[in-house]
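Enquirer: return atomic coordinates for the entry below.
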Amino acid sequence: MTVQLFADESKRNGFVLIAAAYPAADVSWHRSQLRRQLRAGQRRIHFKSESPQARQRLLTTLATRPPQVHVFISELRSMSQARADCLYALALLASHGGANRLVIEADESRDHDDRRVLTEAMSKAGRHVPWELLPPHVEPLLWVADALAWCWPHPDQRWRQQIQPWVASVTQV
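Expert: Now for the predicted structure:
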C-alpha cells in the first residue's frame with residue numbers, strides 16, 4: 001500500500017518529530033474531514049491554540065480512520081542536530097516504507113538545512129520519495145502531525161494515551 005507522510009515537531013522535553021501516514025488513496029477524504037473542523041475565518045488548526053474541547057473533537061475525528069503514526073525522538077541538546085537526525089531517519093522510513101510523498105511543516109529558519117538533510121538521506125536510501133516543506137495552512141494533514149506532536153510529549157499522559165494505539169513505531173535517533 002502506498003502512503004503519504006506528514007510531519008511536524010515538538011521541542012517540549014527534548015526533540016520529537018512525528019509523522020502521520022495515510023494511504024495515498026484516502027488523503028483527499030482526510031483533508032475534507034479536517035477542513036470541516038475549521039471555525040469561520042480560521043486558516044489552519046494549531047493544536048496548542050485550540051480549546052480542550054476543540055482538541056478532543058479533532059482527536060475524535062481522527063480516531064474514525066486514524067493515521068499510522070511514526071515517532072522519532074532525540075535527546076540531543078542541540079535542537080538543530082536533533083532535527084537533522086530525526087529528519088534523516090524519517091526520510092529513510094519514507095524511502096523504504098513505500099511512501100510516494102513526504103510533507104514536512106516548513107520552518108523558514110531551518111529550510112536550507114532541512115533540504116540538505118532530505119536530499120542526502122534520499123540519495124543514501126537509493127529510492128527518492130518526493131518531499132516538500134510546506135506552511136501548515138497549505139496542507140491540512142500537517143494539522144494532524146501538529147496535533148500528534150503536541151499530544152506525544154504532553155505532561156498530561158491522557159493525551160498520549162489517546163494516540164498510542166495509532167503508533168506504529170518509535171525510533172530513538
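Enquirer: tell me which residues in the longest helix along the chain are buried?
Expert: Scanning the chain for the longest helix, with DSSP state H as the assignment, gives helix 79-96. Neighbour-count burial for helix 79-96 flags 82-95 (criterion: 16 or more other Cβ atoms under 10 Å). From N, CA and C alone the C-beta is placed, and that goes for glycine too.
Enquirer: per-residue pLDDT, residue 152?
Expert: We have a pLDDT of 97 for residue 152.
Enquirer: surely it and residue 18 touch.
Expert: Yes - contact criterion Cβ atoms under 8 Å: residue 152 and residue 18 qualify, at 6.0 Å.
Enquirer: identify the contacts common to these two.
Expert: Residues touching both residue 152 and residue 18 by Cβ atoms under 8 Å, 6 or more residues apart in numbering: 10, 71.
Enquirer: tell me which of the two has more neighbours.
Expert: residue 18 (29 against 22; other Cβ atoms under 10 Å).
Enquirer: gap between the more buried one and residue 123?
Expert: With distances taken as Cβ to Cβ, to the nearest Å, residue 18 is found 24 Å from residue 123.
Enquirer: so where do the strands sit in this protein?
Expert: For the chain, the strands defined by DSSP state E cover 3-10, 15-23, 68-74, 99-105, 131-134, 167-172.
Enquirer: can you report how many residues neighbour residue 164?
Expert: Residue 164, neighbours per other Cβ under 10 Å, totals 12.
Enquirer: same question for residue 35.
Expert: 12.
Enquirer: now do the longest helix of the chain against strand 99-105, angle only.
Expert: Inter-element angle recorded for helix 79-96 and strand 99-105: 160 degrees (by axes from the mean of the first three to the mean of the last three Cα atoms, to 10 degrees).
Enquirer: which residues sit against helix 79-96?
Expert: For helix 79-96, the surrounding residues in contact (Cβ under 8 Å, 6+ apart) are 5, 7, 9, 11, 14-17, 19, 70, 72-76, 99, 102, 104, 110, 113-114, 117-118, 120-122, 124-129, 131, 169, 171, 173.
Enquirer: next: stretch 128-142.
Expert: With contact meaning Cβ under 8 Å, 6+ apart, stretch 128-142 is reached by 4, 6-8, 20, 22, 27, 30-31, 34-35, 43-46, 91, 94-95, 99-107, 111, 114-115, 118, 122, 143, 146.
Enquirer: repeat that for stretch 114-121.
Expert: 83, 84, 87, 88, 91, 92, 95, 102, 104, 107, 131, 133.
Enquirer: thought residue 20 was touching residue 144?
Expert: Yes - the pair residue 20 / residue 144 is scored as a contact, 4.5 Å apart, by Cβ under 8 Å.
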